[in-house]
Every structure is written in structure tokens, then in C-alpha cells.
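# Attaching a predicted model along with its sequence, questions to come.
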Amino acid sequence: MIILLGALMRVFLGMAAKRPGVDISRPISLARSLLGDVFPVPSETIDAAEWVGQGTALLGWSNEQAAEARPPLIVRGGHGGLGMSGTLGSQRDLRHLSQASDLSDVAEDLSGCFSAVRVAEGELQAATASTRALSVFYAENEDLHLVGTRALHVHLVANGGRVAWNEVALQSMIRQGYFLSDETPYRGVTALGVSSVITVKGGRRRISTRPLPPALPAPTSGRAKRKSIRQLSDALVVAVAPLRGISEPVNLALTGGRDSRLMAALLHAGRVPFRATTNGLDSHPDVVIAREIAARLRIDHTVIPPVRTEAKDAVLIPHPSVRTYEVIRAGEGMTSAYESIVDYRPYSTTPTMSGQSGEILRGGFLYSQGQTTDKAMSRRVGDFFLKNESLFTDEANEHARGLAEPWLRRAGENPWEVLDHLYVTYRVGRWHAAARVGSLRRGDPIQPFLDNRVVVEALSLDQRWRHSEEVVYELIRRLAPGLREIELEGKPWRFQAGGEAKVQRRWWQREMGSSVPPAPKRGNSWNWRTSPGPHLSALLGEFVLDRADALTALVRGDALKSFFSEPVVKQPALAWNLYTVAALLTGALPGKPPAITDLIRIEIPQEI
């Protein structure tokens with residue numbers, strides 16, 4: 001039986017006194033009183049549990065509404081109380097986390113995507129897996145060490161209920177829309193790293209970290225390649241195997257790309273019942289290709305079109321302030337409103353899946369790396385940290401250089417590994433971890449690409465081989481051979497570029513003809529986020545410029561005015577990032593929901 005637990009549906013806060021005699025009753029009461037500010041679900045849906053000892057405590061909350069087949073919110077055992085977020089493969093793994101004398105002894109070898117917080121008399125521990133997609137944050141004050149799954153909660157309890165911003169750290173949020181560090185928006189609060197265990201004992205804190213695995217040389221024979229593919233394939237199948245016994249089909253968000261296609265192949269090979277949904281206009285490549293994949297696998301497929309006007313000449317979106325409030329509430333200011341966060345709905349036990357973070361199997365940030373010279377890759381590493389340098393203040397740029405320095409040093413030795421590990425460490429460990437919280441409020445997203453063992457297996461494969469996309473192609477061929485023939489949205493497989501794919505069709509594939517027309521050209525993939533138009537551009541600019549004073553420690557006033565001087569912003573993501581940080585620093589969190597209810601109309605270009 002799979003153990004399904006939601007990260008945000010299960011909010012944990014652990015505390016340990018730094019010395020005997022510290023009264024922890026007050027911080028416990030404060031933590032309870034702050035729940036409405038840090039847990040963005042209706043209060044009437046929340047259950048609670050607590051384990052309180054002499055100088056240590058673990059508090060837990062959930063909106064699962066006593067869902068079946070889940071262990072208690074706090075598992076009580078010989079070592080105290082355990083709170084676990086995410087997914088594990090078995091009850092045995094849960095016992096290992098609960099009963100091991102040290103989480104470091106067991107956490108790194110478990111399958112699943114999880115984090116854990118555990119307390120006992122005089123001890124507090126927490127652990128992350130190989131991607132830290134389920135975050136743990138820590139802080140301290142003169143009396144307490146605090147560890148929790150919500151950064152704002154940890155901060156408010158540590159800081160007596162007041163917010164103190166770590167302003168310079170937000171320079172990364174503006175540049176990238178997420179953190180390229182272990183920093184948070186809150187002064188004194190840090191994100192625990194990948195594959196790490198934090199232990200507080202005797203009033204002292206220590207952190208142990210297992211480095212990400214180095215990649216082995218690329219296999220040089222057909223037999224060696226097949227063995228490597230088989231090992232990764234088997235790890236993926238094991239990750240979804242417990243889903244075979246679910247009561248209703250998994251819902252897969254299916255697109256025309258590589259990663260969700262691999263998920264479809266994996267569920268098909270793993271004999272897991274599933275259906276697919278695709279968001280988009282009927283002419284969008286994602287919709288057209290997903291229909292063909294669904295037809296080939298003979299599964300149900302639902303298309304969800306965007307909200308449009310009656311004349312279908314525009315899309316309607318929430319006002320930027322509404323969208324930003326929801327994103328900040330869910331992501332705690334650690335992802336941008338440029339991202340489409342799943343809105344809240346009542347909790348559902350139906351498992352969901354997508355292809356998100358499949359780039360891990362294609363070399364992380366290498367998947368979008370065009371030139372692969374050492375110089376080009378090192379330049380890209382620098383661009384991650386110092387993007388749009390002229391917009392920022394000297395202090396912000398100096399801070400970014402300090403964060404970039406160790407990665408640039410590593411890039412001088414092995415840029416392939418750096419772009420691979422940067423993706424897992426920050427794109428997944430910070431952006432994905434914050435952005436996925438919206439969906440975690442309302443259900444159980446299952447993500448085999450983030451499975452602890454799958455990630456370790458994938459990172460052990462040569463980066464150049466994964467970058468070629470042959471690994472993903474061969475996985476699809478092994479799991480669902482017919483899907484490799486269906487056209488991809490965007491560019492062809494990288495290892496086949498420049499030549500015709502040599503595909504031997506099998507008899508059952510020849511009989512399964514498709515009535516779906518060829519996928520449209522990429523030019524039809526219009527997106528309002530990347531083409532915001534003048535009206536939305538003006539709304540974004542007006543809001544940010546009105547709050548420019550709040551950004552003076554981060555960006556230059558003249559450069560900010562210049563950026564928003566054009567009728568349509570040239571960098572929409574950067575505009576949204578600025579909007580998000582401006583809202584964060586001027587009271588959006590905890591804050592009250594905006595009163596604006598009008599939707600924003602964005603014209604669809606006539607050629608679409």
C-alpha cells in the first residue's frame with residue numbers, strides 16, 4: 001500500500017529549548033494562534049495533533065479530513081513523535097523513519113518524495129530527500145531552535161509574531177522568480193539543503209548532508225546502455241507500483257512534450273489505471289498531440305480550454321493583485337506570480353501526476369542548453385545569478401556574486417555537473433517546492449521523477465548522455481513503444497536532430513492507426529503570460545512604480561522606470577517577479593485578500 005501524505009496539507013513545526021528551564025508553552029500558544037496566517041486553507045477543514053515533552057514539541061496540522069489509508073498526523077513511537085510529509089512506498093519505510101536512532105541512518109535510502117520532522121525528549125530532528133521538493137526550514141532565537149515545513153511559521157514563532165524581511169535575498173526572486181540559495185524572504189530563516197538531516201540535541205544544532213551522486217562515464221556498448229536504461233526504468237516502475245490498487249484512476253496532466261509522455265508510458269507499463277487532461281486551445285500543439293497519445297494508449301482524455309470571451313477573441317484572467325495574493329499565500333514569497341499556481345479546492349484523495357521536473361532525466365538545466373562549450377556553460381551559470389545586472393543596486397549585485405562564486409568555481413572544473421546539480425538544488429528544491437504547494441492543498445500529486453531512488457539513479461548517469469535525450473527516448477521505447485512515433489511539440493529528439501529517425505514498427509503499431517491530424521506548427525502556441533499585451537503591461541508597471549520606494553534596496557529607480565516605459569513589457573516574467581516582490585514587501589503577507597473581482601481581458605492575436 002502506498003503511503004500518501006500531502007506536504008502542505010500536513011504542516012509541521014518542531015521546537016527544542018536551548019537550555020533547561022526554558023518555558024515552551026508560550027511559543028506553542030503563539031504557533032497555534034498563527035495558523036490562519038501560514039496555512040492557506042479554510043480553518044474549518046483543519047485537524048491538529050501535538051507531541052509535547054520536556055523542552056521539545058512537535059505540532060502538526062492537516063486538511064486531509066481524516067482521509068483513509070493514511071497514518072496518524074503525528075506517529076508516536078519509542079523515539080517520540082514523527083511528522084512526515086509527501087509519499088513513501090510502504091509502512092515499513094514509515095517505521096524506519098519513526099524508529100531509527102538517527103534519521104541520517106535511514107532517510108537517504110528510502111524511496112518516495114518526502115520530508116520528516118521528529119522529536120523526542122531533549123532532541124529535534126528533520127530530514128529532506130534528494131530534491132527537497134518537500135521543504136524544511138529552520139531558525140533560532142535566544143531560547144529556541146525551530147524547524148518546520150512553512151518558512152513563515154518558523155519565522156513568526158522565532159520572531160515573536162513579527163515579520164522581518166531579508167531584503168537583499170529577494171534580489172534572486174526578482175531575477176529568476178525563485179531562490180538560487182538556501183535563503184528565504186524572512187530574516188534568520190534558512191531552507192534545509194538536499195539530502196540533509198538537521199539535529200538539535202543538548203541545545204546545539206548540527207546539519208549533515210549527503211552530496212548529490214557524481215555521474216558515471218557514459219556506457220560504450222549496447223548491452224551497457226540497456227542495463228542502465230533498465231535500472232532507471234525499474235526504479236520508475238517501483239515508484240508507481242503501489243498505485244495499481246487505487247480505487248479510481250490517476251489523473252495525468254498530459255502535454256505534447258517529452259516528460260508527461262514518459263509518465264503516460266510509465267503508468268501504462270506499470271499497469272496503473274489512469275486518465276489524462278490537457279489545458280489549452282483546440283489548436284494548441286499540446287492538445288493535438290495529447291489526443292493522439294491518449295488514443296494510442298486507449299485512455300480517457302479531457303481538454304480544458306482557457307476561459308475566453310463569448311466571441312473567443314480574448315482570454316480572461318484574474319487581476320494581477322488577486323493572482324499575486326494567492327501565489328504569495330501558497331508559496332510564501334518564494335515563487336513569482338508569473339507561475340500558474342493551482343487554486344484551492346476541497347481536498348481530494350484522487351492521485352494526480354504530471355511531467356513536471358522530468359528535466360532531471362535530461363541533464364537538469366542542460367536540457368535547454370544550446371551551446372555545450374565549457375565557456376558557454378560557465379557563462380550561463382553566471383547569468384543565472386547575475387541576470388539583468390544593470391537593473392539592480394550595487395548591494396544586490398554583490399550579494400548575487402557571493403552566491404554565484406562557489407558554483408562558478410565548480411563550473412570551471414565540470415560545467416556539465418554544475419548545470420545538472422543546479423537544477424535539482426534550486427529549480428526543483430526551491431522553485432518547484434514553492435510552486436507545487438497550490439496543488440498540495442487539495443490533493444495528492446504523485447511525482448516519480450522526484451522519487452528519492454529515481455533521482456539518485458538518474459544523476460548517476462552521464463550528463464552528456466542524458467542531455468542527448470536518448471535516455472528518455474529509450475525509456476519510452478521500453479515502457480510504451482508506440483509513443484515514440486508520435487510527433488513531439490517543439491524540437492525533435494536531440495540525439496536524432498539532423499537525421500530521420502529509424503523506427504521499426506511492430507505489427508500492433510501498424511494496426512493502431514491514428515485519426516488525429518498532424519500537430520500544428522509551434523507558431524500556434526500563443527500564451528498570454530509571454531504575450532501580455534498593453535493593458536496587462538500597464539497594470540503591472542503602475543503597481544510596481546507606485547511601490548518603487550519598497551524596492552530601493554534591490555533595484556535602481558531610473559532602471560525600473562525605463563523597464564516599464566514601453567507599451568508592452570519586453571520581459572514579462574521579470575515584470576511579474578517585480579510585481580510579486582513589491583506586493584510582498586508592502587503587506588500582501590499575511591494580509592487580506594484583494595477586493596478586486598473584475599477579470600482582465602487579454603486579446604488573442606488574430607493569427608492564432
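It's in. Residues are numbered from 1 along each chain as shown.
# what sits against residue 136?
115, 117, 126-128, 147-149, 191-192, 198 (CB atoms under 8 Å, 6 or more residues apart in numbering). C-beta here means a position set from N, CA and C on the backbone, and glycine is covered the same way.
# Now do the residue most central in space within the chain against residue 162, distance only.
The centre of the chain sits closest to residue 432, judged by CA atoms, centre = their mean, with a distance of 1.5 Å. Distance of residue 432 to residue 162, computed by CB to CB, to the nearest Å: 30 Å.
# I'd like to know which elements the host helix or strand of residue 198 is packed against.
Taking DSSP states H and E as the definition, residue 198 sits inside strand 196-201. Contacts defined by 3 or more CB pairs under 8 Å, 6 or more residues apart in numbering; DSSP states H and E place strand 196-201 against strand 123-128, strand 144-148, strand 204-209.
# Would you mind giving me the confidence score for the residue lying closest to residue 564 once chain neighbours are set aside?
Sequence neighbours aside, residue 541 is the residue nearest to residue 564 in space, at 3.4 Å (criterion: CB to CB, 6 or more residues apart in numbering). With respect to pLDDT, residue 541 scores 98.
# I figured residue 541 hits residue 570, correct?
No - judged on CB atoms under 8 Å, residue 541 makes no contact with residue 570 at a distance of 11.9 Å.
# More neighbours: the two, which one.
With other CB atoms under 10 Å as the criterion, residue 541 and residue 570 differ in neighbour count, and residue 541 comes out ahead with 21 against 9.
# Over to the more buried one. Which of the three states is it?
helix (DSSP: H, G, I helix; E, B strand; the rest coil).
# Could you tell me which residues make contact with it?
Counting by CB under 8 Å, 6+ apart, residue 541 touches 564, 569, 575.
# among those residues, which are in helices?
Assignment to helices by DSSP state H places the following of those there: residue 575.
# Tell me the one of the contacts of residue 541 nearest residue 387?
residue 575 (13.9 Å; CB to CB).
# Would you confirm that that closest one contacts residue 542?
No - judged on CB under 8 Å, residue 575 makes no contact with residue 542 at a distance of 11.2 Å.
# Neighbour count: the two, which is higher?
Using other CB under 10 Å, the more surrounded residue of residue 575 and residue 542 is residue 575, with 26 against 12.
# Tell me the confidence at that one?
If you check residue 575, the pLDDT there is 98.
# Likewise for residue 607?
pLDDT, read off for residue 607, is 60.
# cool, residue 224 as well?
96.
# swap in residue 244?
84.
# same check, this time on residue 144
On pLDDT, residue 144 comes in at 98.
# again with residue 518
So residue 518 comes in at 45 (pLDDT).
# Also the one 4 residues further on?
Reading off the confidence values, residue 522 has pLDDT 41.
# Then residue 507?
29.
# how far away is the nearest residue to residue 415 once chain neighbours are set aside from residue 318?
Nearest residue to residue 415 in three dimensions, chain neighbours excluded: residue 377, at 3.6 Å (CB to CB, 6+ apart). Distance, residue 377 to residue 318, by CB to CB: 38 Å.
# Could I get the contacting residues of residue 267?
Residue 267 touches 240, 243, 250, 252, 274, 353, counting by CB under 8 Å, 6+ apart.
# correct me, but residue 237 touches residue 271?
No - in this structure, residue 237 is not within contact of residue 271 by CB under 8 Å, at 9.5 Å.
# what about those two, which has more around it?
residue 237 (18 against 11).
# Look up the closest residue to that one, ignoring the ones flanking it.
Closest residue in space to residue 237, ignoring its immediate chain neighbours: residue 270 at 5.1 Å, by CB to CB, 6+ apart.
# wait, what's in contact with that neighbour?
By CB under 8 Å, 6+ apart, the neighbours of residue 270 are 237, 240-241, 243-244.
# Take these and keep only those in helices.
237, 240.
# Give me the buried entries from the contacts of residue 270.
Buried residues within the contacts of residue 270, counting neighbours by 16 or more other CB atoms under 10 Å: 237, 240, 243.
# residues in contact with the second one?
Contacts of residue 240 were listed using CB under 8 Å, 6+ apart, and they are 266-267, 270, 272, 446, 448.
# now the first one
Taking CB under 8 Å, 6+ apart as the criterion, residue 237 is in contact with 266, 269-270, 479.
# how close does it sit to residue 446?
13 Å.
# helices or strands up against whichever strand or helix holds residue 303?
Element membership for residue 303 (DSSP H and E) is strand 301-304. The contact analysis (3+ CB pairs under 8 Å, 6+ apart) places strand 301-304 against strand 274-279, helix 285-297.
# Just tell me which of these ends up closest to residue 529.
strand 274-279 (12.7 Å).
# The closest one pairs with which strands?
Strand 274-279 pairs in its sheet with strand 250-253 (parallel), strand 301-304 (parallel), by DSSP bridges.
# With residue 345 as the reference, name the closest of those strands.
Residue 345 lies closest, by CB to CB, to one member of the strands paired with strand 274-279: strand 250-253, at 12.9 Å.
# ok, and the closest non-adjacent residue to residue 317?
Per CB to CB, 6+ apart, closest to residue 317 is residue 600, 5.2 Å.
# Residue 223 belongs to a strand?
No - using three-state DSSP, the assignment for residue 223 is helix, not a strand.
# got a list of what it touches?
Residue 223 neighbours (CB under 8 Å, 6+ apart): none.
# That one and residue 230: what is the separation?
Counting by CB to CB - residue 223 and residue 230 are separated by 10 Å.
# next one: residue 335
Counting by CB to CB, the gap from residue 335 to residue 230 is 36 Å.
# do residue 345 as well
Distance from residue 345 to residue 230, by CB to CB: 39 Å.
# I figured residue 290 was touching residue 302, is that so?
No - using CB under 8 Å, residue 290 is not in contact with residue 302, being 9.9 Å away.
# quick one: buried residues of stretch 387-406?
So stretch 387-406, judged by 16+ other CB under 10 Å, has buried residues 387-388, 391-393, 396-397, 399-400, 403-404.
# same question, stretch 534-546
Quick answer for stretch 534-546 (16+ other CB under 10 Å): 536-537, 539-541, 543-545.
# now stretch 133-145
Neighbour-count burial for stretch 133-145, counted by 16+ other CB under 10 Å, picks out 133-140, 143-145.
# Would you mind listing where this protein has pLDDT under the threshold?
Under the criterion pLDDT under 70, the flagged ranges of the chain are 1-8, 65-69, 78, 308-311, 498-525, 607-608.
# So which residues of the stretch 251-400 of the chain form strands?
274-279, 301-304, 314-317, 351-353 (DSSP state E, counting those that start in this stretch).
# Those: which one's closest to residue 469?
Among the strands of the stretch 251-400 of the chain, strand 351-353 sits nearest to residue 469 (CB to CB), with 20.8 Å.
# From one end of stretch 129-147 to the other, what's the distance?
One end of stretch 129-147 sits 16 Å from the other (CA to CA, to the nearest Å).
# cool, and stretch 279-286?
8 Å.
# Now do it: distance to the chain's middle.
Relative to the mean C-alpha coordinate of its chain, stretch 279-286 is positioned 24 Å out (CA atoms, centre = their mean, to the nearest Å).
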